[in-house]
Every structure is written in C-alpha cells, then in structure tokens.
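1. Okay, predicted coordinates and the sequence, questions at the end:
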Amino acid sequence: MLDWENLLQDDIFEIAGRKFKSRLIIGSGKFKSFQQNKEVLEASGAEIITVAVRRVNITDPSRENLLDYIDPKKYLILPNTAGCYTAEEAVNTAMLAREATGINWIKLEVIGDKKTLLPDMEETLKAAKILVKEGFVVLPYVFDDPVYAKKFEDIGCAAVMPLASPIGSGLGLQNPYNLIFIKEAVSVPVIVDAGIGSATDIPPVMELGVDGILTNTALAEAKDPIKMAVAMKYATIAGRLAYLAGRMPKRTYAVPSSPMKGVPFKE
Amino acid sequence: MEGEVTIRELLNILGIELREVGLAVAVNGEVIPKSEYENYKLKEGDKVEIVHLVGGG
C-alpha cells in the first residue's frame, strides 16, 4: 500500500549541509507575547526562527527574553540584519549576531528604501562578499531578480531569499515568473521571504518549485496566530506536494471530464 | 564610573544577565568574545554596545 502519509519523508530541505523537515521558516517579530510566539512556532512545525539584534535597554534590562521560550538546541535561531541600510552596518550587525547566537548563520538584509523596504542589492552583495569571506553562512534577502540571484550564489551564499512582495505588505505572490527564473538560475535553495499575507498565499508560491517560505507578519497579525500557523504548516506541505505531483496544463476552453459517448436520452 | 571596570562588572552594574546565547558586547566597534568579559577592562571614553536577540522577521 502507498504510504501517503509519508510522501515527503525523503523530501529533505537542506541549507549549507543542515537538513530540515519543514520548509516553513517563521519570524519572531510583532507577536503579543513570547508565549504566543512559542506556541505559534510549535504549531507551525517550523525548525528555523528568525530574530533581530538590538541594543539592550539599560534603563529597563527586562528579565524576560525570547530565548527563555525558544530552545536554541531544538530550533535554529537565525539572526537578521534588519534595520541596516549599508553593507558596513550589516557586517557589523552580523558580527554581533554571531557572538550573540553562537552560530555563523546570518539572514542578510540591507534595505535601500524606508517606504518599500526593498533591498539595496549593491550593498547587500558587498556585505555578502565580506561575510562569506569571514566564514558566515549567508542567506541574503534579495529582490526577485534572477541575474542578481546568480551573483549571490556565485560569491558563495548558502541560499537566496527573494521577496514575493514587500515586507509586511501581505500582497502575496506578485511575479511568479521571476521566481521561476531564479529557481532555474541557481542551485542553492530559494526561500521566498516577505509578502505572504495568509496561509492561502503559500501553495501558489511553493508550487513554483521554490524550496522554502519565510513568514512573520501574516502570523503575528492574524486574528488567531495559532490557527494561522497550523494552516501555514499544511499550506506549505500542500504546495510542495502539488509541485512534486506536477500540475495539468492550463487551457483556455473547457474539456469534459465525463465521457461524451452514451449520454442517456440523446439521439 | 569610578576607576576601571571589566565588561563583566559593567553588566553586573547595569543588571544585565550574562547569557551564553542571546547577548553580545562590542567595544569601539569590535565584538568582544564572552570568554574575555572577566578580564577586558573598559577605559574612559570607550564606546560600548550591548545587544541581545529580540523578535524580528
């Protein structure tokens, strides 16, 4: 009998030699509480969670800490360089992140515009080159540009993370063709970062054949983040399986599914 | 602050818990490994960055 429950058992998601079962990565920003964030993480089945590096507020060095809720031995804590606008800032933030997390993985973000939060690709590439040389596993947040994606792969990035639409916009998939082109252009994992608005936005992205999805705001701003996390877990699986299954061709006109011959009462 | 203090002492004075995972300190732009907190003496005018991991996407 076909073991349909375990169809994805051998479908391993691998980044820089580290293997993951879940292709869903979640963020930890904007949740109501650390407790809610922890529950969302468990419900989503994600094994990677992103974090930001920020100054400790010395007037109130709060006792509560995200890491009291999320076990770094169980999950990969992936720090980002969010808020950086130059390669220099991003490199310095990455150095702090490495000391803070104890690992050399970095989700590299160098933003070029406050309104759209679109990446500055030139600065991102500059930072990526330095960080790769410093021995980091670099996962850059990039525009959905296949030409640039290849450059990031060529300089030694462990993955590329193109957007589906701007960060926090919830606009979902805007340019499927560019993501297909990126997937064709590079052999490192393609993780779609930014733009997911709901679980239902995930399958059309995963069905393109990309390797993973990263989402934060769609979870934190959902009316019920736990339910959304469960929906996203299955949406990611559905999209992946649909990709592996292979869709039928699209046609302009209808094609009947029932036989044309032997229709009753017909001459 | 009176006299020289180490990074470890500074963290104590500020009431910041020394976490193996989750905390980092840079002095004048240079990240200092945790193993040096006990002995690293801060000087007058040093710029100290103390960061931790917070929620982010």
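-> Nice, I can see it.
2. what about the closest residue to A:R23 other than its chain neighbours, neighbour count?
-> Counting by C-beta to C-beta, 6 or more residues apart in numbering or on different chains, A:R23 lies nearest to A:G212, which is 4.3 Å off, once chain neighbours are set aside. C-beta here means a position set from N, CA and C on the backbone, and glycine is covered the same way. Residues near A:G212, counting by other C-beta atoms under 10 Å in any protein chain shown, number 24.
3. Okay, and the beta partners of A:G212?
-> Judged by DSSP bridges, the bridge partners of A:G212 are A:I191.
4. Check the separation of the first and last residues in stretch B:19-26.
-> Stretch B:19-26 stretches 15 Å from its first residue to its last (C-alpha to C-alpha, to the nearest Å).
5. Ok, stretch A:179-194 next?
-> Start and end residues of stretch A:179-194 are separated by 13 Å (C-alpha to C-alpha).
6. can you pull the buried residues of that stretch?
-> By neighbour count on 16 or more other C-beta atoms under 10 Å in any protein chain shown, the buried set for stretch A:179-194 is A:179, A:181-183, A:185-186, A:188-194.
7. Kindly report the residues of chain B close to chain A.
-> For chain B, the contact set with chain A under C-beta under 8 Å from any C-beta of the partner chain comprises B:14-17, B:19-26, B:29, B:31-34, B:49-57.
8. In helices, which of those appear?
-> Assigned to helices by DSSP state H, the following of the residues of chain B next to chain A qualify: B:L14.
9. hang on, the earlier thing: which ones are touching the residue nearest to A:R23?
-> A:G212 makes contact with A:13, A:23-25, A:189-192, according to C-beta atoms under 8 Å, 6 or more residues apart in numbering or on different chains.
10. quick revisit: going by distance to A:L118, which of the buried residues of stretch A:179-194 wins?
-> Closest to A:L118 out of the buried residues of stretch A:179-194 is A:A194 (9.6 Å), distances taken as C-beta to C-beta.
11. Neighbours of the residue of chain B found nearest chain A, how many?
-> Residue nearest to chain A within chain B: B:G56 (2.6 Å; C-beta to the nearest C-beta). As a burial measure, B:G56 scores 24 neighbours (other C-beta under 10 Å).
12. any idea how far it is from A:I15?
-> 19 Å (C-beta to C-beta, to the nearest Å).
13. sorry, back to before: now do the same for the spatially closest residue to the residue of chain B closest to chain A that is not a sequence neighbour: helix, strand or coil?
-> Excluding the flanking residues, the one nearest B:G56 by C-beta to C-beta, 6+ apart is A:A52, at 2.6 Å. For A:A52, the assignment made with DSSP: H, G, I helix; E, B strand; the rest coil gives strand.
14. Roughly how far does the residue of the stretch 51-200 of chain A found nearest chain B sit from B:D46?
-> Residue of the stretch 51-200 of chain A nearest chain B, by C-beta to the nearest C-beta: A:A52 (2.6 Å). Taking C-beta to C-beta as the measure, A:A52 falls 25 Å from B:D46.
15. Neighbour count for the two, which is higher?
-> A:A52 (24 against 12).
16. Let me see the contact set for that one.
-> Contact analysis of A:A52 by C-beta under 8 Å, 6+ apart lists A:29, A:79-80, A:82-83, B:53-57.
17. do that again at 10 Å, thanks
-> A:27-29, A:66, A:79-83, A:93, A:97, A:107, A:109, B:51-57 (C-beta atoms under 10 Å, 6 or more residues apart in numbering or on different chains).
18. rewinding a little: partner residues bridging the residue of the stretch 51-200 of chain A closest to chain B?
-> Bridge pairing for A:A52 (DSSP bridges) gives the partners B:V54.
19. Could you report the separation of A:V137 from A:V188?
-> Relative to A:V188, A:V137 is positioned 11 Å away (C-beta to C-beta).
20. State the distance from the residue nearest the centre of chain B to A:I213.
-> In chain B, the residue lying closest to the centroid (C-alpha atoms, centre = their mean) is B:V25, at 4.0 Å. Distance of B:V25 to A:I213, given as C-beta to C-beta: 34 Å.
21. Show me where chain B dips below the pLDDT cut-off.
-> Along chain B, the model assigns pLDDT under 70 to residues B:1-3.
22. returning to that earlier point: and the contacts of A:A52, which of them are buried?
-> By 16+ other C-beta under 10 Å, those give A:27-29, A:66, A:79-82, A:93, A:97, A:107, A:109, B:51-57 as buried.
23. What is the neighbour count of the nearest residue to A:A231 once chain neighbours are set aside?
-> Setting aside the residues directly before and after it, A:A231 is nearest to A:A199 in space (C-beta to C-beta, 6+ apart), at 3.5 Å. The tally of other residues near A:A199 (other C-beta under 10 Å) stands at 23.
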